[in-house]
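[1] structure for the following, please:
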Amino acid sequence: KTGFYLDQCESRVLLRKYIKPDYKVLDLFCNEGGFALNAAFAGAGDVTGVDSSEHSINASIKNAGLNKMEKIKFVCKDVFEYINELFQSKERYDIIVVDPPSFAKSKKNLFPALKGYQELNYKAMRLLKPNSILCTFSCSHHVSEKHFEEMLIKSAAEAKRKIQIIEFRNSSFDHPVLPQMPETKYLKGYFLRVL
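    Okay, the predicted model is just below:
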């Protein structure tokens, strides 16, 4: 992996169609800024990318500078701490991207992983304005689509929000899935309307 994660290229571009000029966008686990940069490129009014890696944040800042993007900022902080701080504030967003690293590197980590995903998605749903978009991903083949959708349903119930799946994503076309190798079907992503 390069750090830019080419398996997400199509999802980053897809995000652009949901952006409006006054939108406030939050990109959690932004890595080198792929989703945040695409949101800014599409004209979002206020974009924040958050990652715990100083190297990734520095690369994001450099990428924003190279692309002459001004309505974007990056924060180097643990994402769970950052979202907890936001959760206590009055901040609300039009679009939130949740694209964490793999929480389940083995099958034994499945339930702790789902708990982590649920915490993030519940809080993200609470931070969204009504009728907003949540783009949420898992890059672990141990977390099935069924597991992830069940977690999203629980997160929505806990947040007292209704959700609609408006797009489902796998990895980009240059990361084909081999049926005989289930671990190649690792990436799943949901673009949700959160009501």
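[2] so how far is the longest strand along the chain off the chain centroid?
    Across the chain, the longest stretch assigned as strand under DSSP state E is strand 128-138. The chain centre lies 9 Å from the centre of strand 128-138; the measure is CA atoms, centre = their mean, to the nearest Å.
[3] low-confidence ranges, the protein, go.
    1-7, 9, 102-106, 141, 170-175, 184-186 (pLDDT under 70).
[4] do a quick rundown of the strands in it.
    Under DSSP E, the chain gives strands at 24-28, 46-51, 72-76, 93-98, 128-138, 163-169, 188-194.
[5] which other helices and strands contact the third one?
    I take that to be strand 72-76. helix 34-41, strand 46-51, helix 54-66 (3 or more CB pairs under 8 Å, 6 or more residues apart in numbering; DSSP states H and E). The C-beta positions use only the backbone N, C-alpha and C, and glycine is treated the same way.
[6] next, the angle from it to helix 34-41.
    160 degrees (axes from the mean of the first three to the mean of the last three CA atoms, to 10 degrees).
[7] what of the second one?
    Angle of strand 46-51 versus helix 34-41, following the same axes, to 10 degrees, is 170 degrees.
[8] now the fifth one
    Taking the same axes, to 10 degrees, strand 128-138 and helix 34-41 form an angle of 140 degrees between their directions.
[9] dump the residue contacts of the residue nearest the centre of the chain.
    The centre of the chain sits closest to Val98, judged by CA atoms, centre = their mean, with a distance of 2.2 Å. By CB atoms under 8 Å, 6 or more residues apart in numbering, the contact set of Val98 is 28-29, 120-121, 124, 134-137.
[10] just flag the most distant two among those residues.
    Pairwise distances across these (CB to CB) peak at 13.8 Å, for the pair Phe29 and Leu134.
[11] more crowded one of the two?
    Neighbour tally, Phe29 and Leu134, criterion other CB atoms under 10 Å: the higher count belongs to Leu134, 24 against 19.
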